[in-house]
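J.: Output the structure for:
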Amino acid sequence: MGVTAVLGECARIFTHPRMIFKLAQRELNVDISTDAYIDENRNIEQTIRADERFYLELLVIQAADEEPSTHKIEMYFITYCRKLSHNREASTGPDWRDDRQWIPGINMDNGYFQMHEYQAPAWAQHLNHIPSHIVKLTTLNTPIHRWSLPGVPDRFQVFIKRDDLSGAELSGSKVRILQFLFAEALRQNARHVVTGGCLQSNHCRSVALTCRQFGLTPHIVVARVSKKEELEAKGNALLYRLAGSHLYLSPTCSYESFSQRLRSLAGYISDKYREPCYCIPLGGSSPPGMFAFITLFQELIEQGLFDNFDDIVVSIATGCTAAGIAVGNYLTGSKLRIHAVSIALSKEELTKRIDLMLSDIGLSLGTNDIMDIIDGYIGQGYETITNVSANTGILLDPYYTGKGTQGLLEELKKNPTTFQGKKILFIHTGGKFGLFNGEMDQVMNLPGNHANYINEWPEKDIPLVQ
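T.: Model (predicted):
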């Protein structure tokens, strides 16, 4: 097998084959055409680190000298990944181009961790800041089904979009945003990622675990925690600590000050380690985050949204999820009404933030033109959580979906004319790990609670079967 044939096999196997050819042309002085081996639609522009260049050069030379079989070429690249992983001081996880990609004839990962060019829906292609790439982290097209939610007035029917089924440790709609943000981080050759949130942040948990899957180091700024003793190993905090996140404690401060701390830390990390550091804003609220939910709206269309529903209800924290859905609804000329139940910020604060998001992607709209923000449900929704789980088997969390569902039920009863029609679609954004932070202990044993059906063994009344 000659050099050209060997390089062709490399291109077939390797995720970013143009690097192989560039190395061959420079280091081996081999003049060959890449067109026969490379699919031009794949992401192929990457910056090669010094250690990567060394191992790639070594492997290409070995492959050319030894005239190996396809199997040996695959083994060379597996060796490359393992060597590269061990030689990166800042990373304790496997390289994101791991050996799952080179098992011949078996599609084991269904494209997971592969980067692709992103194509925005046709109705959104005139917007600003369209992401260029997306990396697959989960299987989407999450199901929609009827939800027999207790307490819904008879005139309404409620359905649920199950984004809580988007994965296991990455469960929830946050993974939709991260598919865009991590594509951008990888294209910038980031070795570190900085983000932040509250102690029980779903966002921080998802970012930390995704970092480790790509061999990156997560740095988490924990809001409203000033002492190490205040940290806990429960719920989401347990999971991002298990991911080996570098934690930075941040006393209470404003949203703007906290965002500034994230950006400042990213610069500090980059200088300290002399490696690129990517900063993800609070909650992932950014233009790429908006497009994650613009894409979700296209998914809903393909699932029969226009023919089957009148209103959409979703919980809203920093605004990105609801804004993306509302933009999709507006741009498609849909007649549905979007309702966002605030779980943290006032309607005034959210309106200001979403107005800026809309302007940033090139829309001359106001928040009130495209969605109905419902506030007044910022308190914990513990009773709703236990009532819903006991009656429907759907798990809600105390921070997002619990409050959002409570808001939906109350509005259906108190302000039914707010809704455009009778068929309501609730977007379940995930967050189930928030149930395991210990706060549910205070309600589980309350008299009359749906989660408190506990009986001692009735030994006298149930004779044992012989």
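J.: what about the spatially most central residue of the chain, helix or strand, and which?
T.: The centroid of the chain falls nearest to Val175 when counting by C-alpha atoms, centre = their mean (1.6 Å). Take DSSP states H and E as the rule and Val175 turns out to sit in helix 174-187.
J.: Report all helices and strands that that helix contacts.
T.: Packed against helix 174-187 by the contact rule (3 or more C-beta pairs under 8 Å, 6 or more residues apart in numbering; DSSP states H and E) you find strand 115-117, strand 133-135, helix 202-213, strand 277-279, helix 287-302. C-beta: built from backbone N, CA, C; applies to glycine.
J.: Averaged pLDDT, the fourth one. What do you get?
T.: Confidence over strand 277-279 (mean pLDDT, whole number) is 97.
J.: now swap in the third one and tell me
T.: On average, the pLDDT along helix 202-213 is 95.
J.: Other residues contacting it?
T.: Applying C-beta atoms under 8 Å, 6 or more residues apart in numbering, the external contacts of helix 202-213 come out as 92-93, 96, 113, 137, 169-170, 172, 174-175, 178, 182, 193, 195-197, 217-218, 220, 222, 236-237, 239-240, 243-245, 280, 282-284, 397, 399-400, 430-431, 433-434.
J.: And for the longest one?
T.: Contact with helix 287-302 is made by 118, 120-121, 124, 127-131, 140-141, 161, 173, 176-177, 179-181, 184, 283-284, 305, 312, 320-325, 327-329, 332, 357, 360-361, 425, as judged by C-beta under 8 Å, 6+ apart.
J.: Buried subset of those, written for ChimeraX?
T.: Of the contacts of helix 287-302, the buried ones go into a single ChimeraX selection, burial set by 16 or more other C-beta atoms under 10 Å:
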select :118,121,124,127,130,131,140,161,173,176,177,179,180,181,184,283,284,305,312,320,321,322,323,324,325,327,328,329,332,357,361,425
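J.: Tell me which entries of the contacts of helix 287-302 lie within strands.
T.: Lys161, Ile312, Leu425 (DSSP state E).
J.: between the helices and strands packed on helix 174-187, which gets nearest to Ala266?
T.: Among the helices and strands packed on helix 174-187, strand 277-279 comes nearest to Ala266, with 3.8 Å by C-beta to C-beta.
J.: Show me what the closest one packs onto, helices and strands only.
T.: When contacts are defined as 3+ C-beta pairs under 8 Å, 6+ apart, strand 277-279 packs onto helix 174-187, strand 192-197, helix 255-273.
J.: out of the ones you listed, deepest packed?
T.: Among the helices and strands packed on strand 277-279, the stretch with the highest mean neighbour count (mean count of other C-beta atoms under 10 Å) is strand 192-197, at a mean of 27.
J.: Report the beta-bridge partner residues of the closest residue to Phe182 other than its chain neighbours.
T.: Of all residues not flanking Phe182 in the chain, Val135 sits nearest, at 5.4 Å (C-beta to C-beta, 6 or more residues apart in numbering). Beta-bridge partners recorded for Val135 (DSSP bridges): Met115.
J.: Show the model's pLDDT score for Val135.
T.: Val135 is assigned 95 on the pLDDT scale.
J.: So it versus Tyr453, what's the distance?
T.: Going from Val135 to Tyr453 by C-beta to C-beta, to the nearest Å gives 45 Å.
J.: between the two, who's got more neighbours?
T.: Val135 (25 against 7; other C-beta atoms under 10 Å).
J.: ok, that one to Gly196 distance?
T.: In terms of C-beta to C-beta, Val135 sits 22 Å off from Gly196.
J.: go on, Lys347?
T.: Distance, Lys347 to Gly196, using C-beta to C-beta: 24 Å.
J.: follow-up on the earlier one: helices - which of the contacts of helix 202-213 land there?
T.: Assigned to helices by DSSP state H, the following of those qualify: Lys174, Val175, Leu178, Phe182, Asn236, Ala237, Leu239, Tyr240.
J.: check contacts around the first one.
T.: Read it as Lys174. Asn202, His203, Ser206, Gly284, Thr429, Gly430.
J.: Once you drop chain neighbours, what's closest to Tyr248?
T.: Distances taken as C-beta to C-beta, 6+ apart put Val221 closest to Tyr248, at 4.7 Å, once the chain neighbours are dropped.
J.: One more: Pro121?
T.: Nearest residue to Pro121, sequence neighbours excluded (C-beta to C-beta, 6+ apart): Gln298, at 4.4 Å.
J.: So the residue nearest to Tyr248 sits against Ser250, correct?
T.: Yes. Under the criterion of C-beta atoms under 8 Å, Val221 is in contact with Ser250, at a separation of 5.1 Å.
J.: Find residues that contact each of those two.
T.: Gly196, Phe258, Arg261.
J.: Could you give me the buried positions within the host helix or strand of Arg353?
T.: Per DSSP H and E, Arg353 falls inside helix 347-360. Within helix 347-360, the residues scored as buried using 16+ other C-beta under 10 Å are Lys347, Glu349, Leu350, Thr351, Arg353, Ile354, Asp355, Met357, Leu358.
J.: one step back: of the contacts of helix 202-213, which count as buried by neighbour count?
T.: 93, 96, 113, 137, 170, 172, 174-175, 178, 182, 193, 195-197, 217-218, 220, 222, 236-237, 239-240, 243, 245, 280, 282-284, 397, 399-400, 430-431, 433-434.
J.: Closest one to Ile462 out of the shared contacts of Val221 and Ser250, please.
T.: Ranked by distance to Ile462 (C-beta to C-beta), the shared contacts of Val221 and Ser250 are led by Gly196 at 54.3 Å.
J.: That closest one - nearest residue in space that isn't next to it in sequence?
T.: The shortest distance from Gly196 to any non-neighbouring residue, by C-beta to C-beta, 6+ apart, is to Val221 (3.3 Å).
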